[in-house]
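K.L.:
Got a predicted model here, sequence first, then my questions.
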Amino acid sequence: MRLVQEILEHARCAGAALVVSTFPERAKRTGWPAVYASVAAHVVSGWVEMAVAACLFVVGFLGFGERFNNTAGWTYVSHQQTLTNGDFFGVGIIGYLSYLLTPFAWITVWCFGEGILRALDAALSSRMLGMALVVLPWRAAGVFQRARARRTRLGKLGPERPDEVVSGARGTGRVLTVYASREKEWSTNQAIEYKGEFFVAAEKRFVRHGDHHAFRYGFRRLEPGEVIRGVLARYAPDGAPDASAGGPPPAQGTEAKS
């Protein structure tokens with residue numbers, strides 16, 4: 001009984017590894033797929049894809065040939081007492097070869113070549129590429145999901161409004177907080193200059209603020225001797241242009257005192 005359980009467990013892990021090997025490469029780097037992702041599984045997956053594609057190609061060709069035998073073209077050829085080259089090649093052989101013009105044949109040929117390339121690529125470079133028939137719908141679904149999330153977020157943000165700057169919010173650990181109605185092109189450790197002082201981004205959150213939502217950027221003061229990483233942004237919430245500013249253009253908004 002224990003032996004049967006071990007065999008079933010190994011079979012389950014092998015099946016999961018083969019399924020995960022078809023996922024996009026990025027999706028296999030984190031989470032539960034990373035547990036089953038391995039180079040060996042991708043090599044096997046590539047050869048399995050090649051073998052299945054070859055079998056489906058043959059089955060599809062046999063089915064196409066059977067349907068072709070019932071067409072008027074083949075009936076014409078089969079009832080001729082003598083066949084000319086045009087009858088034999090134009091209606092007979094080319095009729096069967098027209099299977100290569102069907103979408104099913106294209107997909108199986110693609111998967112056949114892809115399986116070989118995936119297996120060789122995994123064996124030679126240790127990359128773990130996914131299967132196109134899975135990767136393309138996966139990416140399309142991701143694009144659709146991100147677009148829907150953006151529409152939902154814009155609805156929560158409401159109309160575009162000036163930034164609101166809060167200095168010295170108590171009990172938050174932030175010496176400067178910016179509430180923006182639109183997401184800013186600031187990096188994770190963005191450094192800004194505001195009223196002659198320098199600050200470094202400490203957090204970024206999407207929060208409820210007033211009647212709508214807003215992006216909340218929390219900043220800490222730049223420590224003496226601390227190196228600024230990246231581009232320094234000159235932040236001017238009062239809208240006053242700074243001709244000497246480098247990096248992103250100054251943001252506009254209003255200032256609120258806490």
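P.N.:
Arrived safely.
K.L.:
so where's the longest strand in the chain?
P.N.:
strand 197-209 (DSSP state E).
K.L.:
Which elements pack onto that one?
P.N.:
strand 191-194, strand 212-221 (3 or more Cβ pairs under 8 Å, 6 or more residues apart in numbering; DSSP states H and E). For the C-beta atoms, the positions are set from N, CA and C on the backbone; glycine is no exception.
K.L.:
So what are the sheet partners of the helix or strand just after the longest one and their directions?
P.N.:
This means strand 212-221. Scanning forward in sequence from strand 212-221 by DSSP states H and E, the next helix or strand is strand 232-234. For strand 232-234, the pairing partners within the sheet under DSSP bridges are strand 191-194 (parallel).
K.L.:
ok, residues contacting the partner strand?
P.N.:
165, 176, 186, 198-201, 219, 222, 228-230, 232-237 (Cβ atoms under 8 Å, 6 or more residues apart in numbering).
K.L.:
again, only this time at 6 Å
P.N.:
199, 200, 228, 232, 233, 234, 235 (Cβ atoms under 6 Å, 6 or more residues apart in numbering).
K.L.:
If you count neighbours, what's buried in the biggest helix by length in the chain?
P.N.:
In the chain, assigned by DSSP state H, the helix with the most residues is helix 39-68. Under the neighbour-count criterion of 16 or more other Cβ atoms under 10 Å, helix 39-68 has 41-46, 49-50, 53, 56-57, 60-61, 64, 68 buried.
K.L.:
Residue 107 and residue 136: what is the separation?
P.N.:
12 Å (Cβ to Cβ, to the nearest Å).
K.L.:
Between the two, point out the one with more neighbours.
P.N.:
residue 107 (16 against 12; other Cβ atoms under 10 Å).
K.L.:
Would you double-check that that one falls in a strand?
P.N.:
No. Going by DSSP: H, G, I helix; E, B strand; the rest coil, the assignment for residue 107 is helix, not a strand.
K.L.:
Pull up the per-residue confidence for it.
P.N.:
For residue 107, the model assigns a pLDDT of 95.
K.L.:
same thing with residue 229?
P.N.:
82.
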